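Participant: predicted coordinates and the sequence they were generated for:
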Amino acid sequence: GENVEQHPSTLSVQEGDSAVIKCTYSDSASNYFPWYKQELGKGPQLIIDIRSNVGEKKDQRIAVTLNKTAKHFSLHITETQPEDSAVYFCAVYPTSYDKVIFGPGTSLSVIP
Amino acid sequence: ETGVTQSPTHLIKTRGQQVTLRCSSQSGHNTVSWYQQALGQGPQFIFQYYREEENGRGNFPPRFSGLQFPNYSSELNVNALELDDSALYLCASSRSGRETQYFGPGTRLLVL
């Protein structure tokens, strides 16, 4: 079955710097890759997603890149702000949809 | 447009008891998925309901069961509770099984 790894598990950056989180997956047939942000006491919130027919997608300070050959995708946050501090999860939708797989999460801290 | 809502927000049960958690999907969504999120981990897929039928299941025992109603709201039932069932239970709705999922705030279950 699909296996999703996420690195780093924790990340601390200075306000204004960039943050990059990477996920790798094993099933080359997987075709949809969302990123979620989860703040303390809340459910995950979709922040950006990408489909397998696209290599990069950007939304203001957030971007996602996908390398299908290497089977990894990354979340890029530029000009980080304290309110970006949260746990970020990647997810992978395999072709057999019944098992959406989440990564283990990255705890991001943005230091003012 | 109303988002995904879940009830109750918190629940304390004892080992061996049964629990029912409820979820109201976002307007226009006909698919509901349930996830278990243990502390410090990513969400684990339990099962998905599409138009009142189970549409996929993760690696959870049969004592985890569910229902979806004609208005697309859903229930998660867990029988014979075990200590390891203590977790945040998340519900997510989508327009169909392979579309973007939107999460509710979760129900925090503690089994003593």
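Facilitator: Nice, thanks for sending it over. Numbering: from 1, shown residues only, chains lettered A, B, ... in the order given.
Participant: run through the residues of chain B sitting next to chain A.
Facilitator: Selection of chain B residues close to chain A by Cβ under 8 Å from any Cβ of the partner chain yields B:4, B:33, B:35, B:40-45, B:48, B:55-58, B:90, B:92, B:97-98, B:100-106. Where C-beta positions appear, they are placed from N, C-alpha and C, glycine not excepted.
Participant: out of those, which are inside strands?
Facilitator: B:33, B:35, B:44-45, B:48, B:55-57, B:90, B:92, B:102-103 (DSSP state E).
Participant: closest to residue B:8 out of the residues you listed?
Facilitator: Closest to residue B:8 out of these is residue B:90 (13.9 Å), distances taken as Cβ to Cβ.
Participant: quick one: low-confidence parts of chain B?
Facilitator: Scanning chain B for pLDDT under 70 picks out the ranges B:1-2, B:97-98.
Participant: about what we covered before: Throw together a PyMOL command that grabs the buried residues out of the residues of chain B next to chain A.
Facilitator: In PyMOL, this line selects whichever of the residues of chain B next to chain A come out buried by 16 or more other Cβ atoms under 10 Å in any protein chain shown:
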select buried, chain B and resi 4+33+35+42+43+44+45+48+55+56+57+58+90+92+97+101+102+103+104+105+106
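Participant: re the thing from before, widest-spaced pair of the ones in strands among the residues of chain B next to chain A?
Facilitator: Of all pairs in these, the most separated under Cβ to Cβ is B:57 and B:102 at 20.9 Å.
Participant: what sits closest to residue B:30 if chain neighbours are left out?
Facilitator: Spatial nearest neighbour of residue B:30, chain neighbours left out: residue B:72 (5.2 Å); criterion: Cβ to Cβ, 6 or more residues apart in numbering or on different chains.
Participant: name the residues of chain A found near chain B, please.
Facilitator: By the rule Cβ under 8 Å from any Cβ, the part of chain A lying against chain B is A:6, A:32, A:34, A:36, A:41-46, A:49, A:89, A:93, A:97-105.
Participant: just the ones of those residues in strands?
Facilitator: Filtering the residues of chain A next to chain B for strands - DSSP E - leaves A:6, A:32, A:34, A:36, A:45-46, A:49, A:89, A:101-102.
Participant: quick one: the lowest-mean-pLDDT helix or strand in chain A to chain centroid distance?
Facilitator: Ranked by mean pLDDT, DSSP states H and E, the weakest helix or strand in chain A is strand A:101-102, scoring a mean of 91. Chain-centre distance of strand A:101-102: 11 Å, with Cα atoms, centre = their mean, to the nearest Å.
Participant: got it, and stretch A:29-48?
Facilitator: For stretch A:29-48, the distance to the chain centre is 7 Å (Cα atoms, centre = their mean).
Participant: what residues sit buried inside it?
Facilitator: A:30-38, A:43-44, A:47-48.
Participant: mind listing residues that contact it?
Facilitator: Here stretch A:29-48 makes contact (Cβ atoms under 8 Å, 6 or more residues apart in numbering or on different chains) with A:2, A:23, A:25, A:49-52, A:57, A:59, A:62-64, A:66, A:73, A:75, A:86-95, A:102, A:105, B:4, B:43, B:90, B:92, B:98, B:100-106.
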